[in-house]
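Undergrad: Here is the input, now give the coordinates:
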Amino acid sequence: MRAALRALAAALVLALAATGCSKGIDVPKTFCDVPVSGESLSPLLPGEGDVKVSKSELRDVICNLSVDGVQTLNVRIAKIEKQLPPEDWKNAQAEFMRGARRTMQFPGTAVIGANGGLATTSCGPPASYLLFDVAFTGKRVEDSEAGVQRLQRFLEDFVPHAKKKLGCTG
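TA: As a prediction, the model looks like this:
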């Protein structure tokens, strides 16, 4: 009887320790130096792992988010003078899973798919438009309309903040 109780107690301690070890994921409060809602970013991230966010600028702003060293989200922001030609939008629709033109909550044009998107919005000085080229990779990519909606929700949260941060007036 004692041996059975010890075995049960050891199993209980092991089970509690196993559930306590999973720390989950720390969802960044900013991406690309702009605030993002945890509600828009967390659905794009796996349930656990170490998050690293990086940003570089040369001509374009490039922001990466990786989890456990694996790139999950990459956004390139470019200042452009002219709207993209129709063939670029057509190519984007073919490139992304379920890629299609989407109506966004900010003024502009967008093709969003489950694994990436392309969006433009007016800027005004210093450039006529901002171009957002988004690549979404990893375990959370879901080839479904729900997957598309997750990425669109993130962009609708992120783009207006990035536009403001980059000094757009339009």
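Undergrad: separation between the residue nearest the centre of the chain and G124?
TA: Taking CA atoms, centre = their mean, the centroid of the chain lies closest to L73, which sits 4.9 Å from it. L73 is 27 Å from G124, where distance means CB to CB, to the nearest Å. Heads up, the C-betas are built off the backbone N, CA and C, glycines and all.
Undergrad: Please pull out the lowest mean pLDDT helix or strand from the protein.
TA: helix 2-21 (a mean of 35; mean pLDDT, DSSP states H and E).
Undergrad: show me where pLDDT drops low in this protein?
TA: 1-23 (pLDDT under 70).
Undergrad: those strands in it, which residues are they?
TA: 30-31, 34-35, 51-57, 61-67, 70-80, 100-101, 109-112, 116-124, 127-136 (DSSP state E).
Undergrad: could these go into TSV alongside distance to R153?
TA: Putting those into TSV (distance: least, CB to CB, whole Å) gives the following:
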stretch	distance to R153
strand 30-31	14
strand 34-35	15
strand 51-57	19
strand 61-67	16
strand 70-80	13
strand 100-101	16
strand 109-112	10
strand 116-124	12
strand 127-136	12
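Undergrad: winner for burial among the ones you listed?
TA: The highest mean neighbour count among the strands of the chain, using mean count of other CB atoms under 10 Å, belongs to strand 109-112: a mean of 22.
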